[in-house]
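A.B. asks: next come a sequence and a model predicted from it.
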Amino acid sequence: MDAEEFRRRGMEMVDYVANYLENIEQRPVYPDVEPGYLRSLIPTEAPLEPDNYDDIIKDVERVIMPGVTHWHSPYFFAYFPAATSYPALLADMLCGAIGCIGFSWAASPACTELETVMLDWLGKMLNLPDHFIAGTHGHGGGVIQSTASEATLVTLLAARCKAVRRVQASNQEKSEAEILSKLVAYTSEQAHCSVERASLIGGVMMKKVPTDKNYAVGGDMFKKMLEEDKAAGLIPFYFCATLGTTASCAFDHITELGPICNKENIWMHIDAAYAGSAFICPEFRPLLNGIEFADSFNFNPHKWLLINFDCSTMWVKKREDLIGAFKMDPLYLKHENQESGMVTDYRHWGIPLGRRFRSLKMWFVFRMYGIQGLQAYIRKHVGLAKEFESLVRADKRFEICAEVIMGLVCFRLKGSNRLNELLLKRITKSREIHLVPCQLSGRFVLRFAICARTTDSRHIQQAWRHITQLTFEILQEPNH
């Protein structure tokens, strides 16, 4: 493919993508295929001679689209949003074209510097404390990670390194292996499974803190666990608080937890993967009160801020805590400006050395929407969730299972878990809307998350009509 054909095919692809997104609600939101469906549709080996591009595009519809779950359908209400917008898609094209691997400032200065500035822009939108903003006299800054899972792992590893060095500084006879065996991390019993996974990768013990009636962790229970563990000779070193849990969008009490962590020399990381985007709205910003106690903070603009995957933003109070854990400086990666104090080499801020020019997506989206446009988008989704909540509350057969704060509604049919499992099974089989469940207080609960950029009131009303129709049919059946 030469440049001339690329121009022509590129225009065709933009048309295809625009048509796909514009007409996505006409496609069944959930695929009707069995595991292994794709293997029989394509050859068993790669072609020896080049294929025709037109045939490849035809096979997108024949092979790929039947197996796609359409996350951007306005009838997709599962998991949490996966953001997309036209400015972000265009920026991703440019990112792919530039194709730099931004492991250091010298590898492409614009890649590094735009990321630093975009994280400052976003940090100011969230009204983060100055120590998280690189363009101040603070010691912190922001970085783009791939996912919130990666951010949690990176901060846990940095906290582990810091704790080992601290203990060894006061007792040089203790070996690293001995210290590691005593380290203990904490998180909510409602935290995302990736937090526990980080402890498995990091090789440290992790304990889950019980939550209150609102599925949030409070200070008293955490303090009690700390006292018991310290009395047993363990070394508490890390706590991952959650703002907006996956199951119910609950918010841990970080104003209570933060001072405890600071007093006990425990690294507090705040995971706000979904909810963090909403903190750009003044009415939701109080949910972030207590951020001043945190050592690190992360959320995913690729969930709810119109920036497509992957773009997970993370800030640290002290950048040296990260750099001290991950710094590797072979001669082939060094450059003459790195000792100037004026540059950031992001290879020291996480697990991969190579990184894409992801800040372009942030720059395009922030400029094309503006803060007010982004706030309006968040508020629209919250309003739609409230609309769905009111429909559920008006039907005496159903109940709301957790406070509706943002764009997630947890609800269920009054009755047995089996009844609700049957309802979800029918919903999934129908392929008209897509939901996933969670478990709250031992109950099987349906999650209804406002996800797609194009979701509107008519989609909410249609989804509720569909749910109540299936409910009516189930309740008519004998032995339901």
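C.D. replies: Received it, and whenever you're ready, just let me know what you need.

A.B. asks: surely R426 and I474 touch.
C.D. replies: Yes. Between R426 and I474 there is a contact under CB atoms under 8 Å: 6.7 Å. Every C-beta, even on glycine, is put in place using the N, C-alpha and C of the backbone.

A.B. asks: ranges for the strands of the stretch 251-400 of the chain?
C.D. replies: Taking DSSP state E, counting those that start in this stretch as the criterion, the stretch 251-400 of the chain carries its strands at 267-271, 296-299, 312-316, 398-400.

A.B. asks: any buried residues in the third one, and which?
C.D. replies: By neighbour count on 16 or more other CB atoms under 10 Å, the buried set for strand 312-316 is S312, T313, M314, W315, V316.

A.B. asks: can you give the distance from it to the centre of its chain?
C.D. replies: Its chain's C-alpha centre and that of strand 312-316 lie 11 Å apart, by CA atoms, centre = their mean, to the nearest Å.

A.B. asks: taking strand 267-271 as reference, get the angle to it.
C.D. replies: 160 degrees (axes from the mean of the first three to the mean of the last three CA atoms, to 10 degrees).

A.B. asks: helices or strands up against strand 312-316?
C.D. replies: helix 109-125, strand 141-145, helix 148-170, strand 296-299, helix 301-304 (3 or more CB pairs under 8 Å, 6 or more residues apart in numbering; DSSP states H and E).

A.B. asks: out of the strands of the stretch 251-400 of the chain, which comes closest to L21?
C.D. replies: Nearest to L21, of all the strands of the stretch 251-400 of the chain, is strand 312-316, at 23.0 Å by CB to CB.

A.B. asks: name the residues that touch that closest one?
C.D. replies: Strand 312-316 has contacts (CB atoms under 8 Å, 6 or more residues apart in numbering) with 119, 122-123, 128, 132, 140-148, 150-151, 154-155, 158, 273, 276, 295-302, 322.

A.B. asks: and the spatially closest residue to V143 that is not a sequence neighbour, what does it touch?
C.D. replies: Distance criterion CB to CB, 6 or more residues apart in numbering; nearest residue to V143, sequence neighbours excluded, is W349 at 4.4 Å. Residues in contact with W349 (CB under 8 Å, 6+ apart) are V143, V154, R319, L322, I323, F326.

A.B. asks: if any of those residues are buried, put those into a PyMOL selection.
C.D. replies: Those of the contacts of W349 that count as buried under 16+ other CB under 10 Å are selected in PyMOL with:
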select buried, resi 143+154+319+322+323+326
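
A.B. asks: relative to C410, which of the contacts of W349 is nearest.
C.D. replies: Lowest distance from C410 to the contacts of W349 (CB to CB) belongs to V154, with 30.2 Å.

A.B. asks: isn't that closest one up against G350?
C.D. replies: Yes. With contacts counted by CB under 8 Å, V154 reaches G350, the gap being 5.1 Å.

A.B. asks: mutual contacts of the two, please.
C.D. replies: Q145, L322, F326.

A.B. asks: from Y346, how far out is the last one?
C.D. replies: If I follow you right, that is F326. Note on F326: its distance to Y346, by CB to CB, to the nearest Å, is 10 Å.

A.B. asks: ditto for the second one
C.D. replies: Computed as CB to CB, the L322 to Y346 distance reads 10 Å.

A.B. asks: before we move on, what about the first one?
C.D. replies: Here Q145 is placed at a distance of 10 Å from Y346 (CB to CB).

A.B. asks: cool, S73 as well?
C.D. replies: The gap separating S73 from Y346 is 35 Å, by CB to CB.

A.B. asks: identify the residue nearest R379 in space, chain neighbours excluded?
C.D. replies: C281 (6.5 Å).

A.B. asks: contact partners for that neighbour?
C.D. replies: By CB under 8 Å, 6+ apart, C281 lies in contact with Q375, I378, R379.

A.B. asks: report the buried members of those.
C.D. replies: Buried members of those, scored by 16+ other CB under 10 Å, are Q375, I378.

A.B. asks: return the member of the contacts of C281 nearest to L287.
C.D. replies: Using CB to CB, I378 comes nearest to L287 of these, at 12.7 Å.

A.B. asks: show me where the stretch 351-480 of the chain has helices.
C.D. replies: Counting by DSSP state H, counting those that start in this stretch, the stretch 351-480 of the chain has helices at residues 359-393, 417-430, 457-476.

A.B. asks: looking at those, which is closest to I101?
C.D. replies: With respect to I101, and counting by CB to CB, the nearest of these is helix 359-393 at 14.2 Å.

A.B. asks: relative to helix 457-476, how tilted is the closest one?
C.D. replies: Helix 359-393 and helix 457-476 meet at an angle of 50 degrees, taking the same axes, to 10 degrees as the criterion.

A.B. asks: the closest residue in space to E189 that isn't next to it in sequence: how many residues sit nearby?
C.D. replies: In space, not counting the residues next to it along the chain, E189 is nearest to K208; the distance is 4.2 Å by CB to CB, 6+ apart. Counted with other CB atoms under 10 Å, residues neighbouring K208 total 15.
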